[in-house]
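Q: What follows is a predicted protein model with its sequence.
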Number of protein chains: 2
Amino acid sequence: MNMSAKIPNAGPLVAIGGAEDKASEASILRHVVSLSNVEAPVVGVITTASSIPEDVFASYKEVFSLIGAKDVLDIRIRDRSNAESDKYVDMIRSADVIFLSGGDQMRLTNVLGASRAIEAIRRRRAEGAVIAGTSAGAACQSRTMVYGGPADDSLRKGAVKMSAGFGFVEGVIIDTHFLERGRFSRLMEVGATNPEYLGVGLGEDAAVHFDGDIVRAFGPGHVILVDSSEIGESNVFDLADGEPVAVSNVKMHALVQGYGYDLADRRVLGPDELKAIGLERRVAYT
Amino acid sequence: MNMSAKIPNAGPLVAIGGAEDKASEASILRHVVSLSNVEAPVVGVITTASSIPEDVFASYKEVFSLIGAKDVLDIRIRDRSNAESDKYVDMIRSADVIFLSGGDQMRLTNVLGASRAIEAIRRRRAEGAVIAGTSAGAACQSRTMVYGGPADDSLRKGAVKMSAGFGFVEGVIIDTHFLERGRFSRLMEVGATNPEYLGVGLGEDAAVHFDGDIVRAFGPGHVILVDSSEIGESNVFDLADGEPVAVSNVKMHALVQGYGYDLADRRVLGPDELKAIGLERRVAYT
């Protein structure tokens, strides 16, 4: 089974675990901006997920301007007709970094799914633009998207709510606010339902850069990877909805900045190994 | 390395993850009472951990009376002089089930440590009495006791506060309210500091019976086992206090009622296997 992240497009993809504190997030956003390889990039902020787009845009405009964006575009797509409009599609086409804010991931997929806007985002990525998202804007990136589940114990049949995401990355399922909201049991449940997908649990001060088959962790927080590919015992198919799921041999890794993971080989990469891969790539690209 | 739970004494030991709702806990307490093998046992409730011992005792008196206790003793040890008094030591000596309430585990070890009361508890256990505890009363049972750590991200050097527990069971470290308070990162941190100990994370509606080398899960909730014995990459010894810990290959198991774990072989036991062990033992004891 090839579990590699088949990223069909060229541009860097970044998923951030969400953070209320924009100050601590600045180091993460600075890295996002740097991935564009543009001196002063245009950043387009899509606030569709949020119920307070004005406030959210204002705070991102401030921080992206501060860290060197040439322009910060207010891509305030609120409904499906906005998602078809030339105005917003043109903004997306001119952005070097497309940033998806937090909020409700179901709003994102419902409003943007099958629209000219999402098509434009995919095209920009194919052309090399950076796609980044935080919280809901991260959760939507996987092919199957987690959008709900109880905070206390999600390891119960049917407890984790999933639907179809944008599929910017294959082979993984992304969850956010992971340590802060105690979501370990959510990705254990997801893994029990289908062990094929690597759970990527992002802490609030943490992010990953999906770089081909390599996942690179950055930011001051933790990225927890939940590998269910070797699970043994489980009762999941025998249960009624709500009954507790038993599962054994779930493997977890806690990555911090400088660590990575090889999706093809399913193994953690230490800082030295990850640096070496970076150098190899830079040589290959020259 | 022998990781078996060396339980030096004969009586059953039960750890419960804590629960505010005594109604849902009744099935767990019923099982605790049944382990005494006494038709109508005397239950001694030690409320030392609690700051509201009167209320706590009243609710346990009600539920234990309801499920068939002959008598429920109010072992209200509040300080170290109480822990030396004949009154309470005599109560302990007459109890078939000794139940440690929730509250602050540090109060438990500080007040009972090296006292006549704890000596009497150990002696009763050697004579076959049941020792059971919930929340703080469960956490204190391991040799090293977790007593604190941030709710958001405990996988940071020095974040998890540990001290010496009563050591009713060896080879494990117990944490409680595990799924409800998102404490996965606490036991990952504990495992990184010393991979030798199996982390036993008890959900609020869950309990384990330590039966020699066999851990038996019961109650409607989850027991999460955190096995760090095969961890690879970690930066834990290089860090300053508060810096995030990287760790790979932490193995987790989610047990539900009817499942168990063999501490000597380090493997999950499914319901059929666990039942077979139960039968073997019953035959052996006849």
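A: Right, received. Where do you want to start?
Q: Contact partners for A:Val42?
A: Residues near A:Val42 by C-beta atoms under 8 Å, 6 or more residues apart in numbering or on different chains: A:Ala69, A:Lys70, A:Asp71, A:Val72, A:Leu73, A:Ser94, A:Ala95, A:Asp96, A:Val97. Any C-beta I mention is one placed from the backbone N, CA and C, and that applies to glycine too.
Q: Sheet partners, orientation included, of the helix or strand hosting the fourth one?
A: Read that as A:Val72. Secondary structure from DSSP states H and E places A:Val72 in strand A:71-75. Each strand that strand A:71-75 pairs with, and the sense of that pairing, follows from DSSP bridges: strand A:42-46 (parallel).
Q: Quick check on the closest residue to chain B within the stretch 1-150 of chain A: phi, psi?
A: In the stretch 1-150 of chain A, the residue that lies nearest chain B is A:Pro150 (9.5 Å; C-beta to the nearest C-beta). The phi and psi torsions at A:Pro150 (degrees, to the nearest 10) take the values phi -60, psi 150.
Q: that older thread, can you put the contacts of A:Val42 in TSV and add neighbour count?
A: Shown next, in TSV, are the contacts of A:Val42 (neighbours: other C-beta atoms under 10 Å in any protein chain shown):
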residue	neighbour count
A:Ala69	26
A:Lys70	13
A:Asp71	16
A:Val72	22
A:Leu73	23
A:Ser94	13
A:Ala95	27
A:Asp96	23
A:Val97	28
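Q: So what touches the next helix or strand after the strand holding A:Val72?
A: Tracing the chain past strand A:71-75, the next element assigned as helix or strand by DSSP H and E is helix A:86-94. Residues from elsewhere that reach helix A:86-94 (C-beta under 8 Å, 6+ apart): A:42, A:44, A:73, A:75-77, A:82, A:98, A:116-117, A:120-121, A:123-124.
Q: Relative to A:Gly182, how far out is the residue lying closest to the residue of the stretch 1-150 of chain A closest to chain B once chain neighbours are set aside?
A: What sits nearest to A:Pro150 in space, not counting adjacent residues and going by C-beta to C-beta, 6 or more residues apart in numbering or on different chains, is A:Ala159, at 5.9 Å. Summarising the geometry, the distance separating A:Ala159 from A:Gly182, computed by C-beta to C-beta, to the nearest Å, is 13 Å.
Q: Compare these two (neighbour count), which wins?
A: In this comparison of A:Ala159 against A:Gly182, neighbours counted by other C-beta atoms under 10 Å in any protein chain shown, the higher total goes to A:Gly182 at 23 against 20.
Q: I figured that one hits A:Ala151, correct?
A: Yes: using C-beta atoms under 8 Å, A:Gly182 makes contact with A:Ala151 at a distance of 6.4 Å.
Q: Quick check: neighbours shared by those two?
A: With contacts defined as C-beta under 8 Å, 6+ apart, the residues adjacent to both A:Gly182 and A:Ala151 are B:Glu180, B:Gly182.
Q: ok, back up a step: neighbours of the residue of the stretch 1-150 of chain A closest to chain B, how many?
A: 15.
Q: Helix B:184-193 and the strand or helix carrying A:Glu189, what's the angle between them?
A: If you go by DSSP H and E, A:Glu189 is part of helix A:184-193. Per axes from the mean of the first three to the mean of the last three C-alpha atoms, to 10 degrees, the angle that helix A:184-193 makes with helix B:184-193 is 90 degrees.
Q: Which strands or helices does helix A:184-193 pack on?
A: The contact analysis (3 or more C-beta pairs under 8 Å, 6 or more residues apart in numbering or on different chains; DSSP states H and E) places helix A:184-193 against strand A:144-148, strand A:172-175, strand A:198-202, strand A:223-227, strand A:247-255, strand B:247-255.
Q: if we go to 6 Å?
A: Packing partners of helix A:184-193 (3 or more C-beta pairs under 6 Å, 6 or more residues apart in numbering or on different chains; DSSP states H and E): strand A:172-175, strand A:198-202.
Q: Which other helices and strands does the first one contact?
A: On a contact count with 3+ C-beta pairs under 6 Å, 6+ apart, strand A:172-175 meets helix A:184-193, strand A:198-202.
Q: and the angle from the first one to strand A:223-227?
A: What that stands for is helix A:184-193. Relative orientation of helix A:184-193 with respect to strand A:223-227: 30 degrees, computed using the same axes, to 10 degrees.
Q: so for helix A:184-193, what's the average pLDDT?
A: Model confidence over helix A:184-193 averages 92 on the pLDDT scale.
Q: same question, stretch A:238-258
A: Averaging pLDDT along stretch A:238-258 yields 93.
Q: Identify all contacting residues around it.
A: With C-beta atoms under 6 Å, 6 or more residues apart in numbering or on different chains as the contact definition, stretch A:238-258 has outside contacts at A:155-158, A:188, A:192, A:217-218, A:222-228, A:230-236, A:268, A:271, B:155, B:222, B:244, B:246-248, B:250-254, B:256, B:259, B:268.
Q: what comes up buried for that stretch?
A: Residues A:239, A:243-258 are the ones in stretch A:238-258 that count as buried (16 or more other C-beta atoms under 10 Å in any protein chain shown).
Q: what does the stretch 101-250 of chain A put close to chain B?
A: For the stretch 101-250 of chain A, the residues found near chain B under the criterion C-beta under 6 Å from any C-beta of the partner chain are A:152-153, A:155, A:179-180, A:182, A:184-185, A:203, A:222, A:233, A:244, A:246-248, A:250.
Q: out of the residues you listed, who's nearest chain B?
A: Of all those, chain B sits closest to A:Gly182, with 2.0 Å by C-beta to the nearest C-beta.
Q: Which secondary structure state is assigned to that closest one?
A: Using DSSP: H, G, I helix; E, B strand; the rest coil as the criterion, the local structure at A:Gly182 reads coil.
Q: In contact with it: list those residues for me.
A: Neighbouring residues of A:Gly182 by C-beta under 6 Å, 6+ apart: B:Gly182.
Q: I'd assumed A:Tyr261 was in contact with A:Leu274.
A: No: here A:Leu274 lies out of contact with A:Tyr261, judged by C-beta atoms under 6 Å, at a distance of 9.2 Å.
Q: Have a look at the two and say which one is more surrounded.
A: More neighbours sit around A:Tyr261 than around the other of A:Leu274 and A:Tyr261, counting by other C-beta under 10 Å; the figures are 26 against 21.
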